[in-house]
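> how would this look folded up:
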Amino acid sequence: MVAGSIEEAEQFFAEKRKNADYRNAFFDSLNEMRINPENCDFALEVEGETIYAHRLILSVASPYFAAMFKNETKEKATGFVKLEDNGLTAVKTIVEYIYSGEIALTEENVQSVCTTSDYLQIEWVKRECVEFLKRNINVTNCLQLRRIADKPPFNELCECTHDYILKNFVILIHKKEWLELPFEVIQDLVEDNKLSVAWEDNAYKAIIKWIKYDLTKRQGYLANLMRHVRLTFVRTEFLRDHILTESMLTSDPQCSQFLSEALRYQLTPLSQRSSFWSQTTNVPTNRNATFHVLFAGGTHIKTGTEPRMCKVYDITNNKTSPISDMLDCRFENSVISLNGTVYSVGGYWGNILRTAEYYDRINKKWTYIKPMNTGRYNFGICACDNLIYAIGGFYTSRVESYNPATNKWYTCPNIPFPFNWCCRAAVINHSIYSMCMGSCARFDSREGGWYNLIEMPGGLRAATFEFMSYESSLFSIAEDCSRLDIRANRWEAIPSMLSKRFDHSAAIIADDIYVFGGASKAGEDGEYINSVERYNIHNNQWTAVDPLEVKVCRAGVAVISGDFNLD
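The predicted structure follows:
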């Protein structure tokens, strides 16, 4: 060996390699052996069909099979098991999962797969089924899911289906599946304060329909369910025309007592209702209906921003979201909701506008309708008998109605007093009430004539105001607030708003009047007010609500009940 020329040995490093395709190839081979079948040592019999498998694979995947093969069972000895209470499609789906690690869930198979996976104790599959159902609850399947939610595999569905039904109650009570729910589920729903009903009438209708579907067996539940209906919040005309004439209620002693209390409350003047419940500890509250308020147009003080902008305010979650801008810039326009569609009409932008447009909630854009015959702004708007009425406004006493079915405006009789700066309108039953600077008149849409009512004492000091109806009362919301009882034809003062404001927007939601935004002074010299106030009609009190995220001034506003897709 030559000195200094020692050869160094080559070094080899240890490596651990993983075949990324091995697992899939292994499962594929096992599955092929099952399908062929090859080396299968067990069989599952379902609905007269045999599914071959391997005991080892079944044992690893399912504690049910693991226990079967560990003990000396008949199935272990005979080499097959008969699954009598499980559907063929569900068992096949689960066996395919056992051999592949993948499962195909559909609306058609998920319930049976969930039940079978629970029976075979395959927890991952059961959990995935429940999550699939949660993600896919809709108006078509929610009532059926609520029926099965009390069964062990579906217990986790109970709360989410309950909440979904509460939220979509008004739609669901017209479905046949509603009539097939058990008494316990019906009671859980109608007693819940979160039940979403724009009017308590709907809670009553839901109960009566359910009772009459199987009157012989269900009439005994009537009083137990009716005690959960807030009859004091049912609309007066509905109470008179439908509830008080229902023989099932009048012939039942307990229900008769409920009716008597509701009638006494309805006949109590609004100004005295706050003390009606002073002698009782169980004061009913109105339901948690879902409402959204759509703001359209309006001017930004001193900024000159184009007033095409529209926002939707989620009352429940105190959240404001943008939607598509209007086609035209508008301020001092009027906005109305008719049969779930929102219309923005007239207004001012450089000149008085005749144009009008509606918001397409499916395509999420505004679309023109036929223009009015008369341009107008600061005018009254209302919906009555499926028509939209545009009434008065700055420098006009003209009135016209719009029929969405024909996309045409039709001339109506003028309001019976001179035009003025601001006009507003509201509806009670089939009558339209219009107010301008303290003068008030009623228009009967069936008779086609106007009738003067008593003027507001001292007139209306504010140039702009908001005007709305509740039962048999009309409310004027301005610097000073007043109420007109149309039955007595008498005005009375109500408390003023907490914040002095002008050019605000207002809307009535359930039993509350909401006032949004406005300015601290009339005209362009004021500052924005972003606060929201709520007047409770029954308590005769104003309270502050969380402020708005947007500035609202001289904007049109409409209330939309139920969900509003903002995605």
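
> which is the next helix or strand following the helix or strand of the chain with the lowest mean pLDDT?
When the helices and strands of the chain are scored by mean pLDDT, DSSP states H and E, helix 236-238 comes last with a mean of 81. For helix 236-238, the following helix or strand on the C-terminal side (DSSP states H and E) is helix 247-250.

> and stretch 536-553, how far from the chain's centre?
The chain centroid and the centroid of stretch 536-553 are separated by 21 Å, computed with Cα atoms, centre = their mean, to the nearest Å.

> from here on, call the first residue 427.
All set: I'll call the first residue 427, so the last point we hit is now stretch 962-979.

> tell me the span between the first and last residue of that stretch.
Criterion Cα to Cα, to the nearest Å; first-to-last residue distance in stretch 962-979 is 23 Å.

> follow-up on the earlier one: show me what counts as buried in the least confident helix or strand of the chain.
Within helix 662-664, the residues that qualify as buried are 662, 664, counting by 16 or more other Cβ atoms under 10 Å. C-beta: built from backbone N, CA, C; applies to glycine.

> run through who's touching that helix.
Identification of contacts with helix 662-664 by Cβ atoms under 8 Å, 6 or more residues apart in numbering yields 625, 627, 630, 692, 855, 897, 898.

> how many neighbours does the first one have?
So that's residue 625. Other residues near residue 625 number 18, with proximity taken as other Cβ atoms under 10 Å.

> next one: phi and psi at the nearest residue to it once chain neighbours are set aside?
The shortest distance from residue 625 to any residue that is not its chain neighbour, by Cβ to Cβ, 6 or more residues apart in numbering, is 5.8 Å, and that residue is residue 661. Backbone dihedrals for residue 661, given as degrees, to the nearest 10, come out at phi -60, psi 140.

> in this structure residue 661 contacts residue 627, no?
Yes. Residue 661 sits in contact with residue 627 when judged by Cβ atoms under 8 Å, with a separation of 6.0 Å.

> higher neighbour count, the two?
When residue 661 and residue 627 are compared for neighbours, residue 627 comes out ahead with 20 against 16, by other Cβ under 10 Å.

> kindly reformat the contacts of helix 662-664 as a markdown table containing distance to residue 450 and secondary structure.
Compiled in a markdown table, the contacts of helix 662-664 are given as follows (distance: Cβ to Cβ, whole Å; DSSP: H, G, I helix; E, B strand; the rest coil):
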| residue | distance to residue 450 | secondary structure |
| --- | --- | --- |
| 625 | 58 | coil |
| 627 | 60 | helix |
| 630 | 60 | helix |
| 692 | 71 | helix |
| 855 | 71 | coil |
| 897 | 69 | coil |
| 898 | 74 | coil |
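
> greatest separation within the residues you listed: which pair is it?
The most widely separated members of the contacts of helix 662-664, counting by Cβ to Cβ, are 630 and 898 (20.1 Å).

> between the two, which has more neighbouring residues?
In this comparison of residue 630 against residue 898, neighbours counted by other Cβ under 10 Å, the higher total goes to residue 630 at 24 against 17.

> so what's that one up against?
Applying Cβ under 8 Å, 6+ apart, we find residue 630 in contact with 652, 655, 657, 660, 664, 669.
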